[in-house]
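The following comprises the amino acid sequence and a computationally predicted model.
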Amino acid sequence: MVDFQQLGRDKFKTASGEEILVSTIYFNLDFFLPVIAHPERYRYYETMVFGGKHDNFQERHQTETEAIEEHAHAVALVEKELEEKV
């Protein structure tokens, strides 16, 4: 079973009306046996950007702190993109 929890979700809109979403989630794959064998390789958090110049940006992290920091970084990337288009 896949279980996830939303940690961050920021929506932006470009001047042309395009929506950009920055999303960070925690997910748990409780059936994922390689995690038991090699937990140091598993990334439990994921930050993604949907839309805009950074569409399909994706980073995975092992800790909530790393994920929150990466979410802020992804938001800054999108904000910079929007500033450049003004």
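Received, thanks. Residues are numbered from 1 along each chain as shown.

ok, the spatially most central residue of the chain - contacts?
Nearest residue to the geometric centre of the chain (CA atoms, centre = their mean): T47, 1.2 Å. By CB atoms under 8 Å, 6 or more residues apart in numbering, the residues touching T47 are 8, 22-24, 57-61, 67, 70-71, 74. (Each C-beta comes from the backbone N, C-alpha and C, glycine too.)

Would you agree it falls within a strand?
Yes. Counting by DSSP: H, G, I helix; E, B strand; the rest coil, T47 is found in a strand.

how close does it get to G8?
Relative to G8, T47 is positioned 8 Å away (criterion: CB to CB, to the nearest Å).

Can you list the low-confidence ranges for this protein?
Scanning the chain for pLDDT under 70 picks out 1-3, 29-43, 85-86.

Give me the longest helix you can find in it.
Identified as the longest helix of the chain according to DSSP state H is helix 64-84.

That helix packs against which elements?
strand 2-13, strand 19-29, strand 45-50, strand 58-61 (3 or more CB pairs under 8 Å, 6 or more residues apart in numbering; DSSP states H and E).

I'd like those strands as a markdown table, with distance to V78 appended.
Below are the helices and strands packed on helix 64-84 laid out as a markdown table (distance: least, CB to CB, whole Å):
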| stretch | distance to V78 |
| --- | --- |
| strand 2-13 | 5 |
| strand 19-29 | 5 |
| strand 45-50 | 6 |
| strand 58-61 | 14 |
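
quick one, which of those is nearest to E81?
strand 19-29 (7.9 Å; CB to CB).

residues of the closest one that come out buried?
I20, V22, S23, T24, I25 (16 or more other CB atoms under 10 Å).

Touching, the second one and H73? I think so.
No. With the criterion set as CB atoms under 8 Å, V22 and H73 do not qualify as a contacting pair; they are 9.6 Å apart.

wait, doesn't F12 sit right on K80?
No. Using CB under 8 Å, F12 makes no contact with K80, being 11.3 Å away.

Could you check which of those two is surrounded by more residues?
F12 (17 against 12; other CB atoms under 10 Å).
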